[in-house]
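Q: using only what follows, build the 3D model:
(one chain, ligands or ions: 1)
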Amino acid sequence: MTWFKREDNEIVNDPEKTVRTEGLWVRCPSCKQIVFKADIEANQQVCPKCGYHFRIDARSRIENLLEPGYQLVDLELRSTDPLKFTDLKPYSKRLLEAQRKTGLNDAIVNAIGHIGPAPFAPIPVVLSVMEYAFIGGSMGAVVGETIARAVDRSLATGHPLIIIAASGGARMMEGIVSLMQLAKISAGLGRLDDAGIPYISVMTDPTTGGVTASFAMLGDLNIAEPGALIGFAGPRVIEQTIRQKLPEGFQRSEFLLEHGFLDAIVPRKELKLYLAQALTWMSNKTEPTETSTNPGNQ
Ligand SMILES: [Zn+2]
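A: Next up is the predicted model:
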């Protein structure tokens, strides 16, 4: 006599009866430990065990950095697919998919608001944050124009500009139109510099290609998150070109800091305080006098 009898041999995967566990736990790529996803989310997408920085979406970054009452701006721009480009699929289709996935029109969000955890007085800032989940955070005409508008907002108000980069570089589907954005943004940042308005560049994983070659490296302060990939061409391309093996950790934040390309590495959870301190210090600086800047005229 059998105590248990199975009526058929098929194991039926009934979604109603299955306890869903996928998505609740994440294996940290750095410390390899299994971590409860909610713990990572509560920790601004940083592994609570080892401090590994997971990628985080643009709107969460803004929410983490700005005081309540901030405003998202310049969200209405959309790419016109100027080259009618098709690779594996039409660019217009890629755009629609990315828009559906991220809820954004393109790979960037501008915000105006205040940075100011106590004891700092709230400092008004213009914040521009890239969204890596939108076609690899690539920079086409819309990203370029959105950053240009953030620069214009800083120029009009005198408020400091912060750009948080997360990008694979220029958007190849917009060809030369995309490359033009490098010059356009750099020119705008030049005007900001002339006006003596601070610009802080925050590089996150990854910041590469045309974004590194333009605004990401043009900050009055260039800072990065720990372990971020930052570079122009990828390591494989460089190795093939110079026919040399690259050193360990090449193109990571820590390597770049050691070699003078960065001013600081700031963990995500300390970023708000760091920015408030830096901006307070920058805005308290007295204007250089005519004699100190131009001693030859004395
Ligand atoms: Zn970890």
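Q: would you mind listing what in this structure touches the ion?
A: Within the chain, the positions lying close to the ion (CB under 5 Å from the ion) are C28, S30, C31, C47, K49, C50, Y52. C-beta here means a position set from N, CA and C on the backbone, and glycine is covered the same way.
Q: so can I have TSV of those showing secondary structure, pLDDT and neighbour count?
A: Output for these, formatted as TSV (DSSP: H, G, I helix; E, B strand; the rest coil; pLDDT from 0 to 100; neighbours: other CB atoms under 10 Å):
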residue	secondary structure	pLDDT	neighbour count
C28	coil	95	17
S30	coil	95	13
C31	coil	96	13
C47	coil	96	19
K49	coil	95	15
C50	coil	96	13
Y52	coil	97	18
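Q: export those residues to a markdown table and tack on distance to M282?
A: Shown next, in a markdown table, are these (distance: CB to CB, whole Å):
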| residue | distance to M282 |
| --- | --- |
| C28 | 36 |
| S30 | 33 |
| C31 | 36 |
| C47 | 32 |
| K49 | 35 |
| C50 | 33 |
| Y52 | 31 |
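Q: what segments of the stretch 1-150 of the chain are strands?
A: Taking DSSP state E, counting those that start in this stretch as the test, the strands found in the stretch 1-150 of the chain are 25-27, 34-36, 71-73, 108-115, 123-130.
Q: what would those look like in JSON lines with mean neighbour count and mean pLDDT?
A: Shown next, in JSON lines, are the strands of the stretch 1-150 of the chain (neighbours: other CB atoms under 10 Å; pLDDT from 0 to 100):
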{"stretch": "strand 25-27", "mean neighbour count": "13", "mean pLDDT": "93"}
{"stretch": "strand 34-36", "mean neighbour count": "14", "mean pLDDT": "94"}
{"stretch": "strand 71-73", "mean neighbour count": "14", "mean pLDDT": "98"}
{"stretch": "strand 108-115", "mean neighbour count": "23", "mean pLDDT": "97"}
{"stretch": "strand 123-130", "mean neighbour count": "24", "mean pLDDT": "98"}
